[in-house]
Structures are given as C-alpha cells and as structure tokens.
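Novice: The sequence and its predicted three-dimensional model are supplied below.
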Amino acid sequence: MSSMLQVDALYKQFPIAGSRNVVQAINGVSLSIGPGETLGLVGESGSGKTTVGRCIVGLTEVSKGKIHFKGEDISVPRARRPPSLLGRIQLVFQEPAESLDPRMRIRRSIEEPLLALKVPAAERRERVLEAMERVGLRRSMLDLYPAELSAGQQQRVGIARAMITRPELVVLDEPTSALDPTARAEIIELLMKIQADLGTSYLFISHDLSTVRFISHRVAVMYLGMIVEQGNTADVFAEPRHPYSIALLSAVLLPHPRLTLESGVGLKGEIPSPINLPKGCFLASRCPFATDRSRAEMPPAEDLGGGHIVHCFNHRDVARVHRASDTFEEFQHEAERILGNYDRTSTA
C-alpha cells in the first residue's frame, strides 16, 4: 500500500528567548499513513505529539526533515504551500469551544473553509447541510452560536468544518479529551463511520490508549520527541518491545475489576530535559535494561517483522520479562458483551 503521508527524519527546535539554547521538541520522527488508514500517535503530555501534527498541517515550521503528501514535498509553512493543497489536509482541535469563534454562527463556522476555495454560494449551502447531516447535527442548529451547544455538539461542528472540504487526511489532535465518556464514544463512532464512508486517512493524536486501541490500525509511541516503537496496533499493544511502551500501557487503569495490566518493567527517575537531551537512548537514565552501550549510543530502528519497529538494544530481554497479553482487546470485548446484554434487557 502506497503512503498518503510520509514523514522522514523530522526535527523541530524552539528557540528560548534570551538564550542560545533551544527546546528539542521533535527528534528524528519518521512515520507514514496509508489511504483510509488511522495512525495513532501516543505518548505523555509534552512528548511532541501535537507539534508533529502542527508540522504536518503547516502551522509550525519544520527545522529539519521532509514531509511528503501523495509524493509532493510539503515541508514548508502553510502560507507557502501550493494552492492545490488547500482543503486536502485538515485539523480537528483538542478544545472544541476554543477552536470555534464565539461571535460566529454555526453555519458560518462550518462554511468558512469553502470561502478560501472560492466555492460558489449555492454549493456552499448544499455542502454545509451535507456536513451537518454527516456529523449528526440538526439543521435548526445552523443559526446558533457555539455557546448554545454542548461540548460534544461543538466537536461535531469542528469535525463538520474539517470534513466540508472533503480532505484526504485529517489530523485529530486529542479530539475527545475534553468530552464526557458518552460524548467521547459517540465522536469515536462518528469518526470511524466517516472514514468508512469517505476513505479519509487519520493521524489520531491522543494519550487515551483505550481509544487508540479501538480506532487505530497502527500506533506510534513517542517519548521526548522521538518515536520509540511503532507497528500494527494489535502487535504493539499485545507485545510491546520498548520499556517505555510497556510502562505507558501498564499505567492505564481499566474500569473493570477483573482486568489488570501487569508488568515486570518499571521506570524510575526524572524525565531528561528537552533542552539538554542525553547522548544515547533518551530513556537510559530511567530504564532497568540500560547498559553502557545504550547510555552512549542512540539505538537504531530495528524491524521485528510485520512493520513492528523498535528503538531498543535490549528488546529481546524486554520480551522475556514482559508477558504478551492484549488486555485492552479483552476489555473491549467485555464492554461490548455488557452493553449488548444491557441493550437486550432494556428493549425486552
């Protein structure tokens, strides 16, 4: 499968005012997304996930590296990209209320991307109605203001605004983190339906691993601006091979008393500063598997098969300690069973 998006050795540094130092926000990120595919990008807050997304859509200038969209180099800010790219890559923001102009009615918010594309007024009206229907909002809401909608409805407006240009790639930056559990589930179901109908590719940025396990075809794990492991979602969740991936997964509390995430891998110590990163593996100071070699050298990417890639000299030792088990999938099946029984009982 050819890539819709290809990111190669991407770096982004932010200068610090009054200093010669820089914040090394992204450090050699490489990833790809195929047509109709969802890549989940996960990691702790501050790992660089959002910066990667902003570089892809052109809101943040790249320091080094290349970004190709359908073979075309787009490693430049949005204002310098060719007009033919307008509307083909879109972004859904984390905070729906903050991403919508409070003085602008819903109709205008959704329609706005079409103005830059110089779409005729009659077609704009038709596509606004089509977008409203696609995201499950009533036409009567078109003349409302954002403050008159719930957070879930506001995010549906954000999705409608992104999808109205019929994009081929959408960057979803924590699209459900500001929502309650019910609205979160509805938005995820909506995104999956849109993808099934339109074949849109997604970069799904999130720290909600349960959601990532459910929606993503592949997953990439970030630590200190670097992707330390990536591969098919089922493989990475069931058999993670980087100590950081294991620690990240084991930190999740699943809301079911029978399901637990046990791990023999524990990380201790402080996260290194992105202003002064270590010479070798960024995790070496916290990792129980660290050796002199990993403290001195950055582990290269190693393909374990099937596109499962890990940056770790000691991934075989990690595999011997960590028992393979996709608890997230088990939780998903259990939730579906409970909800299925509830539906049958409630309609009896």
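Specialist: Right, received. Where do you want to start?
Novice: host element of residue 114?
Specialist: Using DSSP states H and E, residue 114 maps to helix 106-116.
Novice: Now that helix: buried residues?
Specialist: 106-107, 109-111, 113-114 (16 or more other C-beta atoms under 10 Å). Just so you know, the C-beta spots here come from the backbone N, C-alpha and C atoms, and that holds for glycine as well.
Novice: Can you tell me which of those residues is closest to residue 305?
Specialist: Closest to residue 305 out of the buried residues of helix 106-116 is residue 113 (41.6 Å), distances taken as C-beta to C-beta.
Novice: And the pLDDT at the closest one?
Specialist: Per-residue pLDDT puts residue 113 at 95.
Novice: just checking, it touches residue 167?
Specialist: No - counting by C-beta atoms under 8 Å, residue 113 stays clear of residue 167, with 9.2 Å between them.
Novice: Can you work out which residues contact both of those two?
Specialist: Residues within reach of residue 113 and of residue 167 at once, by C-beta atoms under 8 Å, 6 or more residues apart in numbering, are 87, 90.
Novice: Which secondary structure element of the chain has the lowest mean pLDDT?
Specialist: helix 327-346 (a mean of 51; mean pLDDT, DSSP states H and E).
Novice: residues near the closest residue to residue 177 other than its chain neighbours, how many?
Specialist: Excluding the flanking residues, the one nearest residue 177 by C-beta to C-beta, 6 or more residues apart in numbering is residue 94, at 5.9 Å. By other C-beta atoms under 10 Å, 18 other residues sit near residue 94.
Novice: And for residue 175?
Specialist: Using other C-beta under 10 Å, the number of residues around residue 175 comes to 29.
Novice: go on, residue 296?
Specialist: 12.
Novice: Then residue 118?
Specialist: Counted with other C-beta under 10 Å, residue 118 comes out at 7.
Novice: now swap in the one 10 residues further on and tell me
Specialist: Neighbour count of residue 128, defined by other C-beta under 10 Å: 22.
Novice: And for residue 125?
Specialist: Residue 125 sits with 15 neighbouring residues when counted by other C-beta under 10 Å.
Novice: do residue 84 as well
Specialist: Residue 84: 8 neighbours (other C-beta under 10 Å).
Novice: where do the helices sit along this protein?
Specialist: Listed in chain order, the helices found in the chain under DSSP state H are 49-57, 96-99, 106-116, 121-134, 151-163, 181-198, 209-215, 233-238, 243-250, 292-296, 315-321, 327-346.
Novice: could I get the ones you listed as TSV with distance to residue 281?
Specialist: Output for the helices of the chain, formatted as TSV (distance: least, C-beta to C-beta, whole Å):
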stretch	distance to residue 281
helix 49-57	20
helix 96-99	37
helix 106-116	42
helix 121-134	45
helix 151-163	37
helix 181-198	34
helix 209-215	22
helix 233-238	19
helix 243-250	10
helix 292-296	4
helix 315-321	12
helix 327-346	26
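Novice: mind listing what residue 313 touches?
Specialist: 281, 291, 293-294, 297, 299.
Novice: Now the buried members of the residues you listed.
Specialist: 281, 294, 299.
Novice: how about the nearest residue to the second one, chain neighbours excluded?
Specialist: By the measure of C-beta to C-beta, 6+ apart, the closest residue to residue 294 outside its immediate chain neighbours is residue 281, 4.4 Å from it.
Novice: distance of that neighbour from residue 48?
Specialist: 16 Å (C-beta to C-beta, to the nearest Å).
Novice: Contacts only, for the residue nearest the centre of the chain.
Specialist: Nearest residue to the geometric centre of the chain (C-alpha atoms, centre = their mean): residue 205, 1.6 Å. Residues counted as contacts of residue 205 (C-beta under 8 Å, 6+ apart) are 41, 49-50, 52-53, 171-174.
Novice: and if we set it to 7 Å?
Specialist: Contact partners of residue 205, counting by C-beta atoms under 7 Å, 6 or more residues apart in numbering, are 41, 49-50, 53, 172-174.
Novice: who touches residue 156 in this structure?
Specialist: With C-beta under 7 Å, 6+ apart, residue 156 has these contacts: 135-137.
Novice: Neighbour-wise, give me the winner out of those.
Specialist: Busiest of the contacts of residue 156 [other C-beta under 10 Å] is residue 135, holding 23 neighbours.
Novice: That one and residue 190 touch, don't they?
Specialist: Yes - assessed by C-beta atoms under 7 Å, residue 135 is found in contact with residue 190 at 6.2 Å.
Novice: Could you tell me which residues touch both of the two?
Specialist: Common neighbours of residue 135 and residue 190 (C-beta under 7 Å, 6+ apart) are residue 159.
Novice: ok, now how distant is residue 180 from residue 50?
Specialist: 22 Å.
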